[in-house]
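# Provided below for reference: sequence and predicted model.
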Amino acid sequence: EQKDLGDSVAIVTGASSGIGAATAESLAAEGASVVLAARRADELEALANSIKSDGGDALAVPTDLTDDGDIEALVEATMDEYGRIDILVNNAGVMLLEPLATADRSNIRQMVEVNLLGLINLTHEALPVMQEQGEGHIVNLSSVSGREEGAMATSTVYTTTKYGVIGFTKALHDEVTNAGIRTTIVEPGYVETELQSHVPHDETRAFLTSGEIPGLSAEDVADNITHAVTRPQHVSVNEVLIQPTQQP
Ligand code: NDP
């Protein structure tokens, strides 16, 4: 039997676009109250309004995950409004692909600080709440890039962060699973979102946005996240590798 999200509260990072926005909508449709986190306040507000007009419940909390104060404020705003955190979807990420030798240092730093350190710090901040509840679910977005077969030229640092997410989540799983806290690693292949449009290396961006690769939609990935968090409490979907059928 499916887990009812009626009384659940979910924080979704990177909710201003792509997989995060689709996941927030999907969880809200299942009855969860969703807390929307990302930097673009207007997008978050628009999504919150659209979820509310569909009968759901949402709270927009503009957050820069590279800022420790913002991370603390996000958890505090969630606790003030709802008093609990049942689901944390660590989805925010940037993919600033470029050859290492000529890579911009600030792009390197941004990928590590958002994809890895932001995810770790927000988990660190939210975990005590879940431990106190004796229940919780942490969903972390890695990528096919976090697996051996996904490593490719121009993706050294991005790949590092996505390998890191897998390592972090596997160790975390062992640390918290006895306390009733579930973890899920999600490893998508190509998903059509704005992620690829921010790639600074022209050739790589052109390749990824050429339309030659038939991608998944953000909703396809959101579907699988909602599936994982709505399994009965005794079922832990630890890892989900999801690719477009035609991606080798
Ligand atoms: P999008 O670019 O659509 O979404 C990325 C989200 O991250 C945005 O909402 C963005 O919001 C947010 N974000 C970026 N920087 C920060 C920051 N400093 N603080 C808070 N939020 C931030 O891409 P996707 O939906 O595709 O990506 C979602 C996740 O899925 C990422 O972790 C990505 O690596 C992963 N993934 C994506 C794949 C794909 O093919 N698309 C494949 C495999 C994994 P804002 O700019 O408003 O802050």
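Received it, and whenever you're ready, just let me know what you need.
# So is the helix ranked longest in the chain next to the ligand?
When the chain is parsed with DSSP state H, its longest helix is helix 156-176. No. Helix 156-176 is not in contact with the ligand by Cβ under 6 Å from any ligand atom; minimum separation 6.8 Å. The way it works is simple: take the backbone N, C-alpha and C, and place the C-beta from them, glycine included.
# try stretch 65-81
Yes. For stretch 65-81, a contact with the ligand is found by Cβ under 6 Å from any ligand atom, at L65, T66.
# could I have that stretch exported to CSV, CA atoms only?
What follows is stretch 65-81 as a C-alpha-only set of coordinates in CSV (Å, rounded to 0.1, in the frame of the first residue of the first chain):
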residue,chain,number,x,y,z
LEU,A,65,22.7,27.0,-1.1
THR,A,66,26.2,28.3,-1.1
ASP,A,67,25.2,30.5,1.8
ASP,A,68,25.2,28.8,5.3
GLY,A,69,22.8,31.5,6.6
ASP,A,70,20.3,30.8,3.8
ILE,A,71,20.4,27.1,4.6
GLU,A,72,19.7,27.7,8.3
ALA,A,73,16.9,30.1,7.3
LEU,A,74,15.3,27.6,5.0
VAL,A,75,15.0,25.0,7.7
GLU,A,76,13.9,27.6,10.2
ALA,A,77,11.2,28.9,7.8
THR,A,78,10.0,25.3,7.3
MET,A,79,9.8,24.6,11.0
ASP,A,80,8.1,27.9,11.8
GLU,A,81,5.4,27.2,9.1
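# Now for the spatially most central residue of the chain: which residues touch it?
For the chain, the residue sitting closest to the mean C-alpha position, by Cα atoms, centre = their mean, is N91 at 1.2 Å. If a contact means Cβ atoms under 8 Å, 6 or more residues apart in numbering, then N91 has V12, T13, G14, A15, I19, G20, T23, V139, L141 as its contacts.
# Can you give the contact residues for the helix or strand hosting the first one?
This means V12. Using DSSP states H and E, V12 sits in strand 9-13. Residues outside strand 9-13 that contact it (Cβ under 8 Å, 6+ apart): 20, 23-24, 27, 32-38, 63, 65, 74-75, 78, 82, 84-92, 118-119, 122, 126, 229.
# Return the list of strands paired to it, each annotated with direction.
Using DSSP bridges, the strands paired with strand 9-13 are strand 33-38 (parallel), strand 87-90 (parallel).
# is the first one anywhere near the ligand?
Just to be clear, that refers to strand 33-38. Yes. Judged by Cβ under 6 Å from any ligand atom, strand 33-38 comes into contact with the ligand through A38.
# what is the mean pLDDT for stretch 238-248?
Across stretch 238-248, pLDDT averages out at 92.
# before we move on, what about stretch 115-126?
Mean predicted confidence for stretch 115-126 is 98.
# Now do the buried residues in that stretch.
N115, L116, L117, G118, L119, I120, N121, L122, T123, E125, A126 (16 or more other Cβ atoms under 10 Å).
# And these, which is closest to V157?
Set against V157, the nearest of the buried residues of stretch 115-126 by Cβ to Cβ is N115 (9.0 Å).
# ok, the closest one touching G93?
Yes. Under the criterion of Cβ atoms under 8 Å, N115 makes contact with G93 at 4.6 Å.
# anything in contact with each of the two?
In contact with both N115 and G93: T161, using Cβ under 8 Å, 6+ apart.
# Tabulate the contacts of N91 in JSON lines, adding columns for distance to the ligand and neighbour count.
Formatted as JSON lines, those follow (distance: Cβ to the nearest ligand atom, whole Å; neighbours: other Cβ atoms under 10 Å):
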{"residue": "V12", "distance to the ligand": "9", "neighbour count": "32"}
{"residue": "T13", "distance to the ligand": "6", "neighbour count": "28"}
{"residue": "G14", "distance to the ligand": "3", "neighbour count": "28"}
{"residue": "A15", "distance to the ligand": "6", "neighbour count": "32"}
{"residue": "I19", "distance to the ligand": "4", "neighbour count": "28"}
{"residue": "G20", "distance to the ligand": "5", "neighbour count": "29"}
{"residue": "T23", "distance to the ligand": "9", "neighbour count": "31"}
{"residue": "V139", "distance to the ligand": "11", "neighbour count": "25"}
{"residue": "L141", "distance to the ligand": "4", "neighbour count": "26"}
